[in-house]
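> below: sequence and its predicted model.
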Amino acid sequence: MDLKNSIDKNNLPKHVAIIMDGNGRWAKKQGKLRIFGHNGGVKSVRDTVEGAAEIGIKYLTMYAFSTENWNRPKLEVDALMALLVSSLKDELTTLNKNNIKLNSIGDTSKLPLRVQKNLASVIDQTKNNSRMTLTLALNYGSKSEILTAVKSIASKAKNNELNIDDITESLFSENLYTSNMPDVDLLIRTSGETRISNFLLWQIAYAELIFIEKLWPDFRKDDLFEAILNYQNKERRFGKTSEQLNP
Ligand code: IPE
Ligand code: IPE
Ligand code: MG
């Protein structure tokens, strides 16, 4: 079956988010060091980004490094940061060729300077691209994102720049890292784990969640297409009844 051509282009998720998980286990299965798995995951990122752009996904957000991931051994954190730098350098041409804009969410000011520099440079050099926005979640944590928004709103209210009644869902959304993006329609997590791990808590309020057994380095665009077909078979009721949706 041709998965790609089975996808209904009129019912695409606007925003797909992915928790890329299982790199370490993938490496361990082969008797290799965890970092071998992270290296292997780069190919999956490339293939998935390409696949998402091909079918017309507008926003793809990938969880690359969480606020909790700093607690890993220093050797692994350093290797992940080095991998980020080399991947950013390697992918710039492809991003521009495919008309993809790079964006990031999370507190990037805490990343090593060389990561910050390369990230800012690729973001700047792809800023006019319009086919798809690829967002990397780097030093991202949803609870901290929400707290930052609360603090900023609270301080405006305290200074009388804002009335309490002006604090709406849309105002709150505008104070998140994802301010210029629609909410997530489809969240995919690989490696069989069925948890959210502090990712986009507000933005996934009504997302469809799809958990895939494959480990991230084995994930390819066909797995994305399969997840999207699966998404298209779901009835998104948003609180209504099935009869209301299909009169
Ligand atoms: C996901 O794979 C990549 C990152 C979190 C950076 P893991 O490194 O979490 O791999 P497992 O879950 O230990 O197998
Ligand atoms: C979530 O994966 C973070 C990323 C994919 C970057 P983890 O492997 O860190 O999540 P937990 O610790 O298993 O929940
Ligand atoms: Mg993991």
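Yep, that arrived. Model, not experiment: these values are computed from the prediction. Ligands and ions are numbered 1, 2, ... in the order given.
> and the residue of the chain found nearest ligand 1, how far from ligand 2?
Using C-beta to the nearest ligand atom, residue 24 is the residue of the chain that sits closest to ligand 1, at 2.9 Å. In this view, the C-beta of every residue, glycine as well, is placed from N, C-alpha and C. For residue 24, the distance to ligand 2 equals 8 Å [C-beta to the nearest ligand atom, to the nearest Å].
> which residues does the helix or strand hosting residue 133 contact?
For residue 133, the host element (DSSP states H and E) is strand 132-140. Residues from elsewhere that reach strand 132-140, judged by C-beta atoms under 8 Å, 6 or more residues apart in numbering: 49, 52-53, 57-67, 70, 84, 95, 98-108, 110-111, 115, 119, 177-178, 181, 199-200.
> and it, which strands flank it?
Sheet pairing for strand 132-140, assigned by DSSP bridges, gives strand 59-66 (parallel), strand 100-105 (parallel).
> could you dump the ones you listed to CSV with distance to ligand 2, mean neighbour count and mean pLDDT?
Rendered in CSV, the data for the strands paired with strand 132-140 read as follows (distance: least, C-beta to the nearest ligand atom, whole Å; neighbours: other C-beta atoms under 10 Å; pLDDT from 0 to 100):
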stretch, distance to ligand 2, mean neighbour count, mean pLDDT
strand 59-66, 4, 23, 99
strand 100-105, 12, 22, 98
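> and the ones you listed as TSV, adding distance to ligand 1?
Output for the strands paired with strand 132-140, formatted as TSV (distance: least, C-beta to the nearest ligand atom, whole Å):
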stretch	distance to ligand 1
strand 59-66	6
strand 100-105	15
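> quick one: low-confidence parts of this structure?
1 (pLDDT under 70).
> do a quick rundown of the strands in it.
Ranges of strands in the chain, per DSSP state E, are 15-19, 59-66, 100-105, 132-140, 186-189, 208-211.
> right, and the ones you listed - which one's nearest residue 149?
Within the strands of the chain, the stretch nearest residue 149 is strand 100-105; the backing value is 12.4 Å (C-beta to C-beta).
> what's next to that closest one, contact-wise?
By C-beta under 8 Å, 6+ apart, strand 100-105 touches 49, 53, 61, 95, 119, 122-123, 126-138, 140, 145, 177-178.
> swap in stretch 162-172?
149, 153, 156-157, 202.
> so what's the residue in the chain positioned nearest to ligand 2 up against?
As assessed by C-beta to the nearest ligand atom, ligand 2 sits closest to residue 197 within the chain, at 3.6 Å. Applying C-beta under 8 Å, 6+ apart, we find residue 197 in contact with 19, 21, 63, 66, 68.
> how near is it to residue 134?
20 Å (C-beta to C-beta, to the nearest Å).
> got it, and residue 80?
Counting by C-beta to C-beta - residue 80 and residue 134 are separated by 18 Å.
> for this protein, which residues are neighbours of ligand 1?
Within the chain, the positions lying close to ligand 1 (C-beta under 6 Å from any ligand atom) are 20-25, 65, 69, 80, 191, 216.
> if we go to 5 Å?
21-25 (C-beta under 5 Å from any ligand atom).
> show me which of the residues you listed are buried.
Among the residues of the chain next to ligand 1, those classed as buried by neighbour count (16 or more other C-beta atoms under 10 Å) are 21-24.
> more crowded one of residue 80 and residue 134?
residue 134 (24 against 18; other C-beta atoms under 10 Å).
> many thanks, I have nothing further to ask.
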